[in-house]
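S.K.: Sequence and predicted structure are below.
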Amino acid sequence: MSDESPDGDIDDQLIVSQVVSGQKDLFRLLVRRHERAVYGMGLSFFRNAEDASDFTQDVFLKVYRSLSHFEGRSRFSTWLYKIAYNTAVNGVTRKKEYRSLAEEEWPDVLASDGETPERLLLRKAAGEAVQEALQDLPERYRVCVDMFFFYDRSYQEIEVITGFPVNTIKSHVFRAKKLLREKLEGIG
């Protein structure tokens with residue numbers, strides 16, 4: 001069962017309580033259920049399978065060590081995602097992450113579409129401008145934009161993950177979009 005269904009949440013919470021009460025081998029069920037999502041987040045941050053795999057192991061180690069602190073006030077997957085997000089943010093610098101995306105990944109994707117060298121350079125420059133503009137956002141705006149647009153989290157889940165109230169999150173996303181628009185208007 002998926003962790004998105006009410007039954008999955010109940011199963012997750014039941015598994016957590018059983019692991020905490022001594023049935024440590026059941027933790028593998030939580031790993032099996034959620035490792036794909038955590039690995040996907042690792043890929044989006046680190047951009048390679050080896051680092052994403054290391055990240056996934058690190059996150060589940062942290063979750064295992066912290067499992068007794070899970071209080072069940074939010075879904076287990078949201079609690080797990082918060083740990084994963086904080087681990088990723090602490091494990092990689094933004095500059096390295098965005099430089100990796102702009103310099104390595106985009107040209108390969110564009111080259112496969114038969115683009116001309118000029119168009120490749122223009123797109124690369126545009127991508128770098130967007131990444132630079134994102135880097136220039138205040139951290140609180142960038143976190144909200146990342147979670148909302150890149151990790152497809154609801155405002156309520158972002159509230160649990162970041163601790164910001166929902167209205168603040170909405171305001172941060174709105175202001176971030178406005179700042180990005182203003183910064184990028186002069187380009188192109």
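M.R.: Received it, and whenever you're ready, just let me know what you need.

S.K.: Chain neighbours aside, what residue packs nearest to F55?
M.R.: G42 (3.6 Å; C-beta to C-beta, 6 or more residues apart in numbering). Where you see a C-beta, it was placed from the backbone N, CA and C, and this is true even at glycine.

S.K.: Please apply the same query to L179.
M.R.: L137 (6.2 Å).

S.K.: all helices of the protein, in order?
M.R.: For the chain, applying DSSP state H gives helices covering 6-20, 27-46, 49-66, 76-91, 94-100, 106-111, 117-136, 139-145, 155-162, 166-185.

S.K.: Quick one: residues contacting G42.
M.R.: The contact partners of G42, by C-beta atoms under 8 Å, 6 or more residues apart in numbering, come to D51, A52, S53, D54, F55, T56, V59, A84, A88.

S.K.: separation between it and V59?
M.R.: 8 Å (C-beta to C-beta, to the nearest Å).

S.K.: between the two, what contacts are shared?
M.R.: Going by C-beta under 8 Å, 6+ apart, residues that sit against G42 and also against V59 are A84.

S.K.: Low-confidence ranges, the chain, go.
M.R.: 1-10, 92-115, 120, 186-188 (pLDDT under 70).

S.K.: which ones are touching the residue nearest to L179?
M.R.: V145, A176, L179, L180.

S.K.: So what does it have for phi and psi?
M.R.: phi -70, psi 150 (degrees, to the nearest 10).

S.K.: who's in contact with Y151?
M.R.: Taking C-beta under 8 Å, 6+ apart as the test, what Y151 contacts is M41, S44, Y81, Y85.

S.K.: Going by neighbour count, list what's buried in stretch 151-170.
M.R.: Within stretch 151-170, the residues that count as buried by 16 or more other C-beta atoms under 10 Å are Y151, R153, Y155, E157, I158, E159, V160, I161, T162, F164, T168, I169.
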